[in-house]
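In: Quick one: sequence plus predicted model below, questions after.
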Amino acid sequence: MKRSLLVLLVAVLFTTAAFAGGKKNYGKELTVKETTKISDIIAAPEKFNGKRVKVAGPIVDVCKTRGCWVKLGSDKEFEAIRFKVEDGVIVFPLDLKGQNAVAEGIVSVKKISVEEQIKSGKKMAEEHGTAFDESTVKGPKTILQIDGEGAQVETK
């Protein structure tokens, strides 16, 4: 009887430990050894443009439509960078918000003209059934993101 109780207790402990937390991988295996601060990328995007980086931070937002991107919070307050993957290649669940992630990909810096912003804004408004005000576009815009290849998320 004592042996059965001990075996049951050990099984419960292992099961609890397995579900208590761990890491979940998305996409390709991470290969970059050194972690780059998100704040460094935001401060000097051109320096990192086209370079493969590994970053870490809390997931502060997740794409609600397709799960095709997450926003990672920076090591500095009020900064974040978008980690975008190809639609359908990786799907990030909405419940990842608030979890910590380590992610790897290529830094992308794109200059978007006024015309491109207006075209994109109209398209997004049409898709979401909302209105778009062209006067909100004040000039060319720089889009900074990491074209994602793989991520590892600490699960709770």
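Out: Structure's in. What do you need?

In: Do a quick rundown of the strands in this protein.
Out: Along the chain, the stretches classed as strands by DSSP state E are 22-27, 52-62, 69-73, 80-84, 100-112, 141-155.

In: Can you tell me which of the ones you listed is nearest to residue 126?
Out: Evaluated with C-beta to C-beta, the strands of the chain place strand 100-112 nearest to residue 126, the distance being 18.3 Å. From N, CA and C alone the C-beta is placed, and that goes for glycine too.

In: Just name the shakiest helix or strand of this structure by mean pLDDT.
Out: The helix or strand with the lowest mean pLDDT-type score in the chain, counting by mean pLDDT, DSSP states H and E, is helix 2-20 (a mean of 42).

In: Out of the strands of the chain, which is the most enclosed?
Out: Highest mean neighbour count among the strands of the chain (mean count of other C-beta atoms under 10 Å): strand 69-73, with a mean of 22.

In: residues contacting the residue positioned nearest the centre of the chain?
Out: Centroid-nearest residue in the chain: residue 70, 2.8 Å away (criterion: C-alpha atoms, centre = their mean). Contact analysis of residue 70 by C-beta atoms under 8 Å, 6 or more residues apart in numbering lists 59, 61-63, 82-83, 92, 96, 101, 103, 151.
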